[in-house]
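Trainee: my questions concern the predicted model and sequence given below.
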Amino acid sequence: MPYRRLPNTDAARLKALQVANLKGREIPPFKLAFSQSTYQKVQSFLPSFEKAMSETKQAYNHQVDKNKEYLRYMKKARLYISHFIQVVNMAILRGDLSPSDRAFFNLDEDVKKTPPLNTESEIIEWGKTIIEGENVRKNRGLSPVTNPTIAVVRVRYEQFYDAYKFQKTLQKNHQRTLETLAGMRTTADNIILQTWNEIEEHYSNLSDDERRKKASKYGVQYVYRKNEVQNLSSLLKNKNLRELHP
């Protein structure tokens, strides 16, 4: 026998509340399968729950949309920082710069490898380090690194860093909307539970099948257990076979 299952997702909660609200508008109070006090709770709560869900979706979509732009800026910043360090190493190899120049960029004098730039924090840290290091070199009258110049690197770095901060803001906004929505679930569940209990009580004088049929029109959900689904499938299969081979 199927059992009643309360909503376990926000979309299902919203649908249950919307169906109850629609029934409350369409059906006269004396015919409605749940009380007017419960209907008022649905009416009062539904708009705020709809708003919370909408804001959560909008915040997520905005974050995803801006993330594409952010990833482009991050890729460019990583590329320019990496190229700048490679140019420094090649200049040292040619003898145009001294190995001691690596110290300005917090690099080991004897290490020719480009440092890892795989994470946001590594790009931020190394970008800041080489910009500051090259400025110190220039202030000391040393020959600036070119192709790319530090000015070009700074532009790419600042574009990335601004996008990084904005993306973090969007993530915080999305998290805030998620927390707001999470805080409303208990209230939603309580209202739905009360509504569905009253609906089933209203039809309690009917047979189980008829009661479920009537309650389902109000959005009450009934599901079969796994073994019941398998049994029904077997029954339907046998029925179809009998019809094909009477």
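Mentor: Now that the structure is in, tell me what you want to look at.
Trainee: give me the next element, helix or strand, following the top helix by length along the chain.
Mentor: Once the chain is assigned using DSSP state H, the helix that runs over the most residues is helix 36-94. As assigned by DSSP states H and E, the chain's next helix or strand after helix 36-94 is helix 120-139.
Trainee: show me which positions of that next one end up buried.
Mentor: Within helix 120-139, the residues scored as buried using 16 or more other Cβ atoms under 10 Å are 120, 123-124, 126-127, 129-131, 133-134, 137. C-beta coordinates here come from the backbone N, C-alpha and C atoms, glycine included.
Trainee: and which of those is nearest Thr195?
Mentor: Sorting the buried residues of helix 120-139 by distance to Thr195 puts Glu120 at the head of the list, at 46.7 Å, by Cβ to Cβ.
Trainee: ok, and the closest non-adjacent residue to that closest one?
Mentor: With sequence-adjacent residues excluded and distances taken as Cβ to Cβ, 6 or more residues apart in numbering, Glu120 is closest to Tyr164, at 6.2 Å.
Trainee: let me know the pLDDT of the closest residue to Pro116 other than its chain neighbours.
Mentor: Of all residues not flanking Pro116 in the chain, Glu122 sits nearest, at 5.6 Å (Cβ to Cβ, 6+ apart). The predicted structure scores Glu122 at 98 on the pLDDT scale.
Trainee: hmm, Glu122 is touching Pro115, no?
Mentor: Yes. In this structure, Glu122 is within contact of Pro115 by Cβ atoms under 8 Å, at 7.3 Å.
Trainee: could you measure from the residue nearest to Ser35 when sequence neighbours are not counted over to Tyr39?
Mentor: With sequence-adjacent residues excluded and distances taken as Cβ to Cβ, 6+ apart, Ser35 is closest to Glu198, at 5.9 Å. In this structure, Glu198 and Tyr39 are 10 Å apart, going by Cβ to Cβ, to the nearest Å.
Trainee: surely the residue nearest to Glu120 touches Glu69?
Mentor: No. In this structure, Tyr164 sits apart from Glu69 without contact. The criterion is Cβ under 8 Å, and the distance is 11.3 Å.
Trainee: higher neighbour count, those two?
Mentor: Residue environment comparison for Tyr164 versus Glu69 gives the larger neighbour count to Tyr164, 18 against 13, counting by other Cβ atoms under 10 Å.
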